[in-house]
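**Student:** need a 3D model of the sequence below.
(one chain, ligands or ions: 1)
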Amino acid sequence: MKVDLYEKIWMWAALGIVVLFLASLGFSYIGRAIQPPSHVEMIDPEAVRTDEEFGNPGVTINADGSATVVVQAFMFAFLPQEIRVPRGVPVTFRLTSADVIHGFQIVGTNGNTMVVPGYVSQFTTSFSRAGEYLIVCNEYCGLGHHVMSAKLIVEEGAGSAGSVGESGGVR
Ligand code: CUA
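**Tutor:** Numbers count the residues shown, from 1 in each chain. Below is the predicted model of the structure:
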């Protein structure tokens, strides 16, 4: 079969674009640990405020040094407003919404999930740099969407081997 030169160029260019997209997908997934959550857990959104876990949101340090952060999202705030976790340990976030769809993005990190009413969103990450991080809602949720934020403070905890050279890593 005779294929015209220009036809060949376009075919190879199209193939190249596909390979480029797949490579960037792979790089995001493996290199930057940007992955969709695989956790499925349901909750009645109307019972969130009286729920044993989500009615008392906050940070728990587990026996192995890891942290669990329970967050309640609603129009137009997150509870707790200030989250303190140790540096360098696995931190599992568990989130749910008491009303509409919200977002939960820890700016400058790979911590980012949708918070959908009726579901518990969960992801685990860790923070290598101590400091203060902004948490924003990145799903439009109503008139107060732009003020919906919270603060994450990553501390030089007892669980993290605080080498001098590495500390003070506030971006
Ligand atoms: Cu909550 Cu936007």
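**Student:** now do the contacts for the nearest residue to Gly144 once chain neighbours are set aside.
**Tutor:** Take Gly144 and drop its neighbours on the chain: the residue closest to it by Cβ to Cβ, 6 or more residues apart in numbering is Phe76, 3.2 Å away. Placement of C-beta: from N, CA and C, glycine included. Applying Cβ atoms under 8 Å, 6 or more residues apart in numbering, one finds that Phe76 lies in contact with 137, 141-145, 147-148.
**Student:** now do Leu152
**Tutor:** Leu152 makes contact with 83-85, 106, 127, 132-135, according to Cβ under 8 Å, 6+ apart.
**Student:** please redo it, this time with the cut-off set to 7 Å
**Tutor:** Taking Cβ atoms under 7 Å, 6 or more residues apart in numbering as the definition of contact, the neighbours of Leu152 are 83, 106, 133, 135.
**Student:** can you check Val69 too?
**Tutor:** For Val69, the residues meeting the contact criterion (Cβ under 7 Å, 6+ apart) are 59, 83, 85, 91-94.
**Student:** tell me which element it is part of?
**Tutor:** strand 67-74 (DSSP states H and E).
**Student:** paired strands for whichever helix or strand comes after that strand, with orientation please.
**Tutor:** Proceeding N to C from strand 67-74, the next assigned helix or strand is strand 77-79, under DSSP H and E. Strand 77-79 has the following sheet partners, assigned by DSSP bridges: strand 67-74 (antiparallel).
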